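Peer 1: Generate coordinates for the sequence data below:
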Amino acid sequence: MNSLTRRDALRLGVTGAGAAGLMALGSLLDPPMPRASPGPNQPASAGDSSPTRDSGSFISAARGGVETNWIIARPPGQHGPLRPVIALHGMDNDAAGVMSLGIPEALAQLTAAGRPPFAVVSVDGGNSFWRRRASGG
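Peer 2: Numbering: from 1, shown residues only. From the prediction side, this is the model:
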């Protein structure tokens, strides 16, 4: 029988807190105002229900020239600019790990419930803490 380590328990807590935070953020946003005609951020078609996700990489000067991955998740059918929510990963994780917490699915549920669309952006930050270092990193 496997026992739950302290680190595993902390990961579960952070994962649950992150998902709960995203859902809470969606509940704080006002419902969208009706529009006379669809704008650029309106779904392309009523049948477009798959989440929209973009990804890529860049060379980060802040991380000493390391190739750094990024991911942007949008609600289904949303292809234009949206307000971003920055999702920073925890220790021993990365941008893909953040998205694997169910972010795209949560975005789809929030917009289906009438909440304004927003994007969730995550970027690899290495295996350390999110703070400035004496080294400049």
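Peer 1: how many neighbours does residue 94 have?
Peer 2: 19 (other C-beta atoms under 10 Å). Where you see a C-beta, it was placed from the backbone N, CA and C, and this is true even at glycine.
Peer 1: now the residue lying closest to it once chain neighbours are set aside: how far from residue 83?
Peer 2: Nearest non-adjacent residue to residue 94, counting by C-beta to C-beta, 6 or more residues apart in numbering: residue 124, 4.7 Å away. According to C-beta to C-beta, to the nearest Å, residue 124 and residue 83 sit 22 Å apart.
Peer 1: Those two: which has the busier surroundings?
Peer 2: residue 124 (21 against 9).
Peer 1: I'd say the more buried one and residue 62 touch.
Peer 2: No: using C-beta atoms under 8 Å, residue 124 makes no contact with residue 62, being 11.6 Å away.
Peer 1: Packing partners of the helix or strand encompassing residue 57?
Peer 2: Assigned by DSSP states H and E, residue 57 belongs to strand 52-60. For strand 52-60, the packing partners by 3 or more C-beta pairs under 8 Å, 6 or more residues apart in numbering; DSSP states H and E come out as strand 66-74.
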